[in-house]
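1. Next one to model:
(2 chains)
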Amino acid sequence: MQVHPPWREALDAFTRAFGVSPRIVDGPCQPRVGAAVAADLAAASDPLRSADLGGAPPHGPGIGCAARREPGAWWCEGDLWFVQLDWDTSAAFPGLPADPAVRSLLSLALRGSVQPRWQEILVQQALNGLRAAAQGDWERTRRTLADARDAVRIQIPTDALRMPGAFVWVEFHLGAEQSVGTLRPELRSLVEEVAETSPDFRLIGWAETPAVLGFVTADASAAVDGDETEVDSDGGPSPENDERMIGTIRVRSVVQQLLAALESDALLAAQASVGRVVDRLETWPDGLCTLVDACCQHVRFAPGRSVFAWGERPLLQLLAGIGNERVAAFLQAARRRGALTLDPDMAETLQGMLQANLNISEAARLLYLHRNTLMNRIERIRMQTGYDVRQFDDALLLWLAQLLARSDSDRLSGRPAP
Amino acid sequence: MARVQLNSIWKRYSGDVVAVKDFNLDIQDKEFVVFVGPSGCGKTTTLRMIAGLEDISSGDLYIGERRVNDVAPKDRDIAMVFQNYALYPHMTVYQNMAFGLKLRKLPKSEIDQRVREAAQILDIEHLLDRKPKALSGGQRQRVALGRAIVREPQVFLMDEPLSNLDAKLRVQMRAEIRKLHQRIQTTVIYVTHDQTEAMTMGDRIVVMRDGVIQQVDTPQQVYNFPVNMFVAGFIGSPAMNFIKGELVQESDAVFFRAPQVNIRLQEGRYAALRQAGVIGKEVVLGVRPEDLHNEEMYLNTYPDAVLNARVEVAENMGSEVYAHVNVGGQTIISRVNSRYHLTPGEELKLAVDLNKAHIFDAASEVAVPHSTAEAVAAK
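-> Below you'll find the model as predicted:
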């Protein structure tokens, strides 16, 4: 059975009514997110919103697409009238009546027929989740994402995302260009070209952060060259013969390769958070939800890591689930013995002691310190905080307090939401 | 080709974490400079700031005559080589090398010319049609270098490019990269945590720790005249021996004393020791393993600097033996000729080559110059 695009019915009715023969023009138009998508969603739900009859689109051209127009927008080139049928397609009308009211009929019909693209909705949902999570409202985050599918009646084409796989949020660090707030069009096209080289990575859409939402296929049967699972001092994974774990490792490897390619070819620094591997298309809200969870843990607890995958550090997952009030109560109790803020040398000393399993000589070796210098630092930590990091309980407590105090201060200092 | 200047560069992260502190360095055109230090010392962060992949919190960075703090990475005319080769597995070597140029929309003929020239330099012309999977580790690394070479950048930035290779291949590639540098005559900034790599490759090496430059000099100078205990301990394998003790003045002579150690220092060093104000204070004697000798000639030359040691372990390296010996309760290492067959428990006399011994202030860990002239030169 032949499947017609959603605008076909409206266009056919219009051509029959006015006896015109439009020519369909296919042209790529990049997906949009953020404010532009919000406007689209509003427009889709309110077809009687002021129709743009031949002028510029109401929100102006989107980023990265100089001549982007909303479905239903009209414009004139020479003696030809064009109408935007959907985000990718337009139609040219030779000999169209000059009456704007005629054109508005088709505009209204098209705006009623065209739904936002599934890619845009997914990106928007990820952003909504991230914003809710940044405000510490985890319940709302979950609700937002879990309800997302029903709310927008989204239909992801069955062949769009090759399962199993995981959602990936890649955030770009623009350095000197950060003030621009968005990725310049040529950089976007660089990223897209680099992304295209990865057969397992599907770029879903852009956010204005600037970031991209992508999906990485986790083909567990594929061999991964040079895979290394990072094992951290805070309970990282031990490679298990578990399909999901293998899938995560595979996704991680693809993402790492993508980031390396972006750095070396596009000279763009980026960090990525990876959600849980989902094996069926129906479970995408779960994949997106865990992606938001991973993004939050990444920002709070491991901001220096280039790739952070959901579930790879179970302890952080546990800590992330603790409410702000409980964290504040814990920190208050921990501060009873002294100030918890450690200067970089002291923080490094604590980390070194933990890495060396509290063995002074080994820690001194790891930190390239003389044993006596290390002893001196440990004493200074004890004097300041009241915790003796030679004792397991004290070292663990101080480390936890450091971790939570840092994320607490990030929250209090109004660290920008993703 | 370009000079790279870093003036008072700082890198601060949120939460008051300082990764790089007041970094000042002037890298000359065509120079091969190596940043070396333990993990977390800020060497990669500094390299990434030069590349533009990290913001500079404060300070000025110049490449050539241009201040590039606010210049996008792709416009800085640099190329980076990473530890993970970042090769595209489904592309051939030719396509891998051409990809960066294709992204820059260079004409096909120029891409072809550059790729073939780079392949010739690296001796990988016969591999151009292969895919990365069909290459050995060393060949992949050459392709990664080729991807950087084809860009014809002003500055090459290399971030631990040999870390993924096995020890034997690493030694081979070290020499290859040096040869390559001589051939293409471009400024290279190379990051490694491996002091051997730093010593063997750099025109100058920059030893870093906790985001601070400890010493910048030629490899030989850094090895012979480390400015502090950190540099002394980091550069050299096996590491320099440190013996904690005290400097004592008796009549006209100055002695280094520690449990079972009594060394009369050479008169030539007294002025510098006095100037540093370390006589009568706790100090650390630093001696490299190769400067502890069990041979008669040295025992006769330095009769006032003989240590009575007991062998704990003898590691036979083939050409030499690393003797782990106990002196007054402290374990130190001596590199002795392999013709000596040392057995655990054996008593041994070791002479300290006083011309090459170092004195460090125990509190500040800073080296005391060997002479006042050296102190003036250091200033």
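
2. Next, count neighbours for the residue lying closest to residue B:245 once chain neighbours are set aside.
-> Spatial nearest neighbour of residue B:245, chain neighbours left out: residue B:258 (3.1 Å); criterion: CB to CB, 6 or more residues apart in numbering or on different chains. All C-beta atoms are positioned from the backbone trio N, CA, C, and that covers glycine. As a burial measure, residue B:258 scores 20 neighbours (other CB atoms under 10 Å in any protein chain shown).

3. confidence score at residue B:258?
-> Note on residue B:258: pLDDT of 93.

4. Quickly note the distance from it to residue B:317.
-> In this view, residue B:258 and residue B:317 are 28 Å apart by CB to CB, to the nearest Å.

5. same question, residue B:189
-> Counting by CB to CB, the gap from residue B:189 to residue B:317 is 33 Å.

6. So for the strand ranked longest in chain A, mean pLDDT?
-> Ranked by residue count under DSSP state E, the longest strand found in chain A is strand A:165-173. For strand A:165-173, the mean pLDDT works out to 92.

7. Likewise for stretch B:164-171?
-> 86.

8. got it, and stretch A:319-337?
-> pLDDT averaged over stretch A:319-337 gives 85.

9. how far is that stretch from where the chain is centred?
-> 28 Å (CA atoms, centre = their mean, to the nearest Å).

10. Helices of the chain, start to end?
-> Since no chain was named, I'll use chain A. For chain A, the helices defined by DSSP state H cover A:8-18, A:35-45, A:100-113, A:118-134, A:138-152, A:185-196, A:243-265, A:284-301, A:314-320, A:324-334, A:344-355, A:360-366, A:371-385, A:392-412.

11. My question was about chain B, not that one.
-> Going by DSSP H, chain B shows helices at B:43-51, B:93-103, B:108-122, B:137-149, B:167-184, B:195-201, B:219-224, B:229-234, B:270-276, B:296-301, B:372-378.

12. now the ones you listed as JSON lines including distance to residue A:304 and mean neighbour count?
-> Shown next, in JSON lines, are these (distance: least, CB to CB, whole Å; neighbours: other CB atoms under 10 Å in any protein chain shown):
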{"stretch": "helix B:43-51", "distance to residue A:304": "10", "mean neighbour count": "24"}
{"stretch": "helix B:93-103", "distance to residue A:304": "27", "mean neighbour count": "21"}
{"stretch": "helix B:108-122", "distance to residue A:304": "34", "mean neighbour count": "16"}
{"stretch": "helix B:137-149", "distance to residue A:304": "24", "mean neighbour count": "23"}
{"stretch": "helix B:167-184", "distance to residue A:304": "27", "mean neighbour count": "15"}
{"stretch": "helix B:195-201", "distance to residue A:304": "24", "mean neighbour count": "21"}
{"stretch": "helix B:219-224", "distance to residue A:304": "29", "mean neighbour count": "17"}
{"stretch": "helix B:229-234", "distance to residue A:304": "23", "mean neighbour count": "24"}
{"stretch": "helix B:270-276", "distance to residue A:304": "39", "mean neighbour count": "17"}
{"stretch": "helix B:296-301", "distance to residue A:304": "49", "mean neighbour count": "13"}
{"stretch": "helix B:372-378", "distance to residue A:304": "36", "mean neighbour count": "13"}
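
13. So for residue A:394, which of the ones you listed sits nearest?
-> Minimum separation from residue A:394 across the helices of chain B (CB to CB) falls at helix B:229-234, 27.8 Å.

14. what sits opposite residue B:282 in the beta ladder?
-> Note on residue B:282: beta-bridge partners residue B:246, judged by DSSP bridges.

15. Show the contacting residues for it.
-> B:244, B:245, B:246, B:362, B:363 (CB atoms under 8 Å, 6 or more residues apart in numbering or on different chains).

16. got CSV for those, with distance to residue A:134 and pLDDT too?
-> Shown next, in CSV, are these (distance: CB to CB, whole Å; pLDDT from 0 to 100):
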residue, distance to residue A:134, pLDDT
B:244, 52, 92
B:245, 57, 94
B:246, 58, 95
B:362, 50, 92
B:363, 47, 88
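
17. can you name the two of those residues that are farthest apart?
-> Spatial extent of the contacts of residue B:282 (CB to CB) is set by the pair B:245 and B:363 at 13.7 Å.

18. So these two - more neighbours on which side?
-> Between residue B:245 and residue B:363, counting by other CB under 10 Å, residue B:245 is the more crowded of the two (21 against 14).

19. residues contacting that one?
-> B:256, B:257, B:258, B:261, B:282, B:283, B:284, B:285.

20. residues making contact with the helix or strand bottoming out on mean pLDDT in chain B?
-> Ranked by mean pLDDT, DSSP states H and E, the weakest helix or strand in chain B is helix B:372-378, scoring a mean of 71. Residues from elsewhere that reach helix B:372-378 (CB under 8 Å, 6+ apart): B:225, B:227, B:271, B:272, B:275, B:276, B:369.

21. got the end-to-end distance for stretch B:270-286?
-> Taking CA to CA, to the nearest Å, stretch B:270-286 runs 17 Å from one end to the other.

22. on that earlier part again, go through the contacts of helix B:372-378 and name the one nearest residue B:321.
-> residue B:225 (27.1 Å).

23. How many residues are close by that closest one?
-> For residue B:225, using other CB under 10 Å, the count is 18.

24. so what's it scoring on pLDDT?
-> pLDDT, residue B:225: 94.

25. how close does it sit to chain A?
-> 19 Å (CB to the nearest CB, to the nearest Å).

26. same question, residue B:271
-> From residue B:271 to chain A the distance is 27 Å (CB to the nearest CB).

27. so that residue touches residue B:371, yeah?
-> Yes: under the criterion of CB atoms under 8 Å, residue B:271 is in contact with residue B:371, at a separation of 7.2 Å.

28. thinking residue B:27 is in contact with residue B:33, fair?
-> Yes: Residue B:27 is in contact with residue B:33 according to CB under 8 Å; the separation is 5.0 Å.

29. any shared contact partners between the two?
-> Counting by CB under 8 Å, 6+ apart, the residues touching both residue B:27 and residue B:33 are B:187, B:189.

30. Tell me, please, the helix or strand in chain A that averages the lowest pLDDT.
-> Per-SSE averages on chain A (mean pLDDT, DSSP H and E): minimum helix A:35-45, a mean of 39.

31. sorry, back to before: hey, least reliable of the helices of chain B by pLDDT?
-> Across the helices of chain B, helix B:372-378 gives the lowest mean pLDDT, at a mean of 71.
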